[in-house]
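Trainee: got a predicted structure plus its sequence, pasted below:
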Amino acid sequence: MNAPVIIDRDGLNRLISVLVGMGFQVVGPTVRDEAIVYEPLDSIKDLPEGFTDEQDGGIYRLKKRTDKALFGYSVGPHSWKKFLHPPERRLWGAEADGSDFEIKPEKLESPKFAFLGVRACEMHAIAIQDKVFINGKYVDPVYQVRRENAFFIAVNCGQAGGTCFCVSMNTGPNIEEGFDLALTEILDEDHHHFVVEVGSQQGANCLAQLTHRQARSEEVEAAKNIVAQTAQQMGRTLNTTDIKELLYENLEHPRWDEIAERCLSCANCTMVCPTCFCSTVEDVTDITGMHAERWQKWDSCFTMDFTYLHGGEVRASTKSRYRQWLTHKLASWQDQFGSSGCVGCGRCITWCPPAIDFTEEVLQIRDSATQLSEPT
Amino acid sequence: MSQISKPKLAVWKFASCDGCQLSLLDCEDDLLAVSQEIEIAHFPEASRAVMKGPYDLSLVEGSITTPHDAERIHKIRRSSKYLITIGACATAGGIQALRNFKDVNEFISIVYATPSFIDTLQKSTPISDHIKVDFELRGCPIDKGQLIEVICAFLKGRKPNTPAHSTCIECKRRGTVCVMVAQGKMCMGPVTHAGCGALCPSYNRGCYGCFGPQETTNTGSLSAQLKKMGANDDEIVRTFRGFNAYAEPFRRESELHDKKNN
Ligand code: SF4
Ligand code: SF4
Ligand code: SF4
Ligand code: SF4
């Protein structure tokens, strides 16, 4: 669209007020309880200035940086799905009057979110959830209205986290599409500013209300270099060659039993995954029985109820549940939605209490599978 | 609904602190609604007016610790159409089940001036070890929202919504940052039955396991992780020996780390 421009910290702060003025609720990264989470922001003062994170399997540590970077960290425990696909919501209520009952549809609220600080992997995760919730035969109206109203300020990653592997999944770290504005943070001894790319008319309109100038070619170049450097720092890698076939051919691999010894069936991986979309419904009545409600809540393939049919669970063993999760993400998702279900954000590795590493498990299966098939 | 057709509710107490019964009194407005639908026929904690059985619904709090109680629970079962146990004492033996890991006669001789007055059992056991229980509601104490849900479900003849999955799911749904991953604190959430809404992690504490084991516990893997985080065997024993110490998976795990057994 337009040529890249430069805004400074004040410009970014002003962008937040401009968006608020346009009726958006701005949400983005902020520090809470020893982590960087996504919550409502009033100004750039709420951003995690001077913070970064160290991540590894089962470990996340918030650390101080030596500079004043506003986006100097990778993704944390929250993802934007908590705004687009809320963890708990009422679907409808019903009132009985003695002989009959009446359904009370839930009023469709239409909040306008401006997401500040969306990373490349997260843009891809949202595109994947779009396929699930709005591009198929059955449309989720709550997701749809939130998604259509949303304003995206993406951020190119200035560094990769210890569990990131977007390069392997072809989902980052470079922001490619879907954004209204995309920022690259440039911070050196003399400057602290943002190279801004414009991705939509609404983005251009916002930008017009901020002090900005055209970016010089060396500034655009510097921004590109930052992302290229990030691509070199991936904490994890995953070889995706023929991954679907690899997993389908190894459904009885002994590694699954070994994983089951460590897996807690706690479901943290599915809760933090930005593409996992499963939910359950709960019907509740009050004491009088005259009022009922149906609630939708995030669910997980790690619970027993998830596959409960009359008479028992289809996936009763932890082995079968972990295998379902991993093969769905990397293999059957391709059959179901035409893409991988994993964007390489690394959350499932970091937030798994016993540090089960998705990439390591695939590697183990690949290595021993090759050994099995190679003639000796 | 006319007076006559109201189902009769009884609340019974065994070895316990009364906290779970109090959850029912604590229901306030909801309790009023409950009393519109159910005849509160036997609830000494709330009213001295006691109606004779049989009862349609019995809520049983507390564990079995004396020969007298071991008898009494059978009588209650006989006079109850539907019997629900409430709380960690009734469903797992409670904190008093810590004695199950020691010799109770030793305690008696140390604590009481005249040990011969004490007539107690070696172990504190859950109600379900003695009689058939129709439904177990977990927690120390139980969650009053869940209690109302269970009563509503009973009244309407449906299954209560009390999911048996991990506490972590509730923790993540409310957006709490995991204290185990982000702060290296010991947390029982991954092996603990949901129900409290993951209260403790939301106050920056690890889960204490008040709701007992979740549906598919892997206590061994949690212990291995706690060790990696620096916990020693004694700490692991104490972590699993809380209000649900005698619940089977927690009991087994603590015994594996108890030097006395190794
Ligand atoms: S996976 Fe890639 S895009 Fe996502 S946070 Fe890490 S470096 Fe950034
Ligand atoms: S499977 Fe793991 S790495 Fe892949 S998108 Fe989900 S949380 Fe991120
Ligand atoms: S893989 Fe990890 S996070 Fe997922 S259910 Fe197993 S132990 Fe929990
Ligand atoms: S804080 Fe505890 S309950 Fe919450 S996700 Fe972490 S391990 Fe689970």
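Mentor: Everything's here; your move. Numbering: from 1, shown residues only, chains lettered A, B, ... in the order given. Ligands and ions are numbered 1, 2, ... in the order given.
Trainee: CA only for contacts and neighbour counts going forward, please
Mentor: Noted.
Trainee: quick one: average pLDDT of the helix or strand harbouring A:Gly117?
Mentor: A:Gly117 belongs to strand A:113-118 when assigned by DSSP states H and E. Per-residue pLDDT over strand A:113-118 has a mean of 98.
Trainee: mind listing what the most centrally placed residue in chain B touches?
Mentor: Among the residues of chain B, B:Ala88 comes closest to the average C-alpha position under Cα atoms, centre = their mean, at 1.6 Å. The neighbourhood of B:Ala88, defined by Cα atoms under 8 Å, 6 or more residues apart in numbering or on different chains, consists of B:62, B:94-95, B:138-142, B:210-212, B:243-244.
Trainee: name the nearest residue to it, ignoring sequence neighbours.
Mentor: B:Gly94 (4.9 Å; Cα to Cα, 6 or more residues apart in numbering or on different chains).
Trainee: check what pLDDT the one you found gets.
Mentor: 97.
Trainee: quote the end-to-end distance of stretch A:115-123.
Mentor: 11 Å (Cα to Cα, to the nearest Å).
Trainee: please see if it touches ligand 2.
Mentor: No. For stretch A:115-123, no contact with ligand 2 is found by Cα under 6 Å from any ligand atom; the gap never falls below 7.9 Å.
Trainee: please state the offset of that stretch from the chain centre?
Mentor: In this view, stretch A:115-123 has its centroid 8 Å away from the chain centroid, taken as Cα atoms, centre = their mean, to the nearest Å.
Trainee: ok, residues contacting that stretch?
Mentor: A:26-29, A:71, A:75, A:79-80, A:150-157, A:166, A:171-178, A:274, A:343-345.
Trainee: just the buried ones among those, please.
Mentor: Buried members of those, counted by 16 or more other Cα atoms under 10 Å in any protein chain shown: A:26-29, A:71, A:75, A:79-80, A:150-157, A:166, A:171-175, A:178, A:274, A:343-345.
Trainee: for A:Ser368, phi and psi?
Mentor: Phi and psi for A:Ser368, reported as degrees, to the nearest 10, are phi -80, psi -30.
Trainee: what count of nearby residues applies to B:Thr216?
Mentor: Residues near B:Thr216, counting by other Cα atoms under 10 Å in any protein chain shown, number 23.
Trainee: next, count neighbours for the closest residue to it other than its chain neighbours.
Mentor: Leaving aside its sequence neighbours, B:Thr216 sits nearest to A:Ser265 (Cα to Cα, 6+ apart; 6.9 Å). A:Ser265 has 28 neighbours, counted by other Cα under 10 Å.
Trainee: now the residue sitting furthest away from the middle of chain A: which helix or strand?
Mentor: Most distant from the centre of chain A: A:Ser99, at 46.7 Å, with distances by Cα atoms, centre = their mean. Using DSSP H and E, A:Ser99 falls within no helix or strand.
Trainee: with B:Ser35 instead?
Mentor: Per DSSP H and E: helix B:29-37 holds B:Ser35.
Trainee: neighbouring strands - and their directions - for the strand holding A:Gly117?
Mentor: strand A:25-32 (parallel), strand A:151-155 (parallel) (DSSP bridges).
Trainee: could you check the angle strand A:151-155 makes with the one helix or strand A:Cys121 maps to?
Mentor: Here A:Cys121, judged by DSSP H and E, is contained in helix A:120-133. Here helix A:120-133 runs at 140 degrees with respect to strand A:151-155, directions being taken by axes from the mean of the first three to the mean of the last three Cα atoms, to 10 degrees.
Trainee: buried residues in helix A:120-133?
Mentor: Within helix A:120-133, the residues that count as buried by 16+ other Cα under 10 Å are A:120-126, A:128-130, A:132-133.
Trainee: what's the answer for stretch B:8-23, then?
Mentor: Within stretch B:8-23, the residues that qualify as buried by neighbour count (16+ other Cα under 10 Å) are B:8-16, B:18-21, B:23.
Trainee: so, in contact with chain A or not, that stretch?
Mentor: No. Judged by Cα under 8 Å from any Cα of the partner chain, stretch B:8-23 stays clear of chain A, getting no closer than 14.0 Å.
Trainee: for that stretch, measure first residue to last.
Mentor: 19 Å.
Trainee: one more: stretch B:209-226?
Mentor: OK, stretch B:209-226 end separation, Cα to Cα: 15 Å.
Trainee: need the helices for chain A, in chain order.
Mentor: A:9-21, A:81-84, A:120-133, A:141-149, A:166-169, A:201-208, A:217-231, A:243-248, A:255-262, A:268-272, A:318-327, A:333-337, A:347-350, A:358-373 (DSSP state H).
Trainee: hmm, who's touching the helix or strand of chain B with the lowest mean pLDDT?
Mentor: For chain B, scoring each helix and strand by mean pLDDT, DSSP states H and E identifies helix B:29-37 as the least confident one, at a mean of 87. With contact meaning Cα under 8 Å, 6+ apart, helix B:29-37 is reached by A:287-288, B:1, B:6-7, B:24-25, B:148.
Trainee: most neighbours out of the residues you listed, which is it?
Mentor: With neighbours defined as other Cα under 10 Å, the most crowded of those is A:Ile287; it has 26 neighbours.
Trainee: A:Ile226 contacts A:Gly158, doesn't it?
Mentor: Yes. A:Ile226 is in contact with A:Gly158 according to Cα atoms under 8 Å; the separation is 5.8 Å.
Trainee: quick one: which of those two has more around it?
Mentor: Remark: of A:Ile226 and A:Gly158, A:Gly158 carries more neighbours, 25 against 19, as counted by other Cα under 10 Å.
Trainee: which residues does the residue nearest in space to the middle of chain A contact?
Mentor: Among the residues of chain A, the one closest to the centroid is A:Pro274, at 3.1 Å (Cα atoms, centre = their mean). A:Pro274 sits next to A:79-81, A:122, A:125-126 when contact means Cα under 8 Å, 6+ apart.
Trainee: which of these sits closest to B:Lys260?
Mentor: A:Ser79 (46.3 Å; Cα to Cα).
Trainee: distance of that closest one relative to B:His165?
Mentor: For A:Ser79, the distance to B:His165 - Cα to Cα - is 22 Å.
Trainee: could you tell me how many residues sit around residue 253?
Mentor: Reading this off chain A. Look at A:His253: counted by other Cα under 10 Å, it has 14 neighbours.
Trainee: think we crossed wires, I meant chain B
Mentor: Neighbours of B:Glu253 (other Cα under 10 Å): 21.
Trainee: got a list of what it touches?
Mentor: B:219-220, B:237, B:240.
Trainee: give me phi/psi at it?
Mentor: According to degrees, to the nearest 10, B:Glu253 has phi -70, psi -40.
Trainee: now swap in B:Pro160 and tell me
Mentor: Main-chain torsions, B:Pro160, degrees, to the nearest 10: phi -70, psi 150.
Trainee: quick one: pLDDT of it?
Mentor: 94.
Trainee: pLDDT below threshold where in the chain?
Mentor: In the absence of a named chain, this looks at chain A. Along chain A, segments meeting pLDDT under 70 span A:1, A:370-376.
Trainee: the chain in question should be chain B.
Mentor: For chain B (pLDDT under 70), the answer is B:1-4, B:262.
Trainee: what residues does the stretch 51-200 of chain B put near ligand 1?
Mentor: So the stretch 51-200 of chain B never meets ligand 1 (Cα under 6 Å from any ligand atom).
Trainee: contact partners for A:Met304?
Mentor: A:313, A:315-316, B:165, B:215.
Trainee: hmm, stretch A:302-314 in reach of ligand 4?
Mentor: No. Contact between stretch A:302-314 and ligand 4 is absent, the nearest approach being 13.6 Å (criterion: Cα under 6 Å from any ligand atom).
Trainee: tell me if that stretch is near ligand 2.
Mentor: No. Using Cα under 6 Å from any ligand atom, stretch A:302-314 never reaches ligand 2; the gap is at least 13.9 Å.
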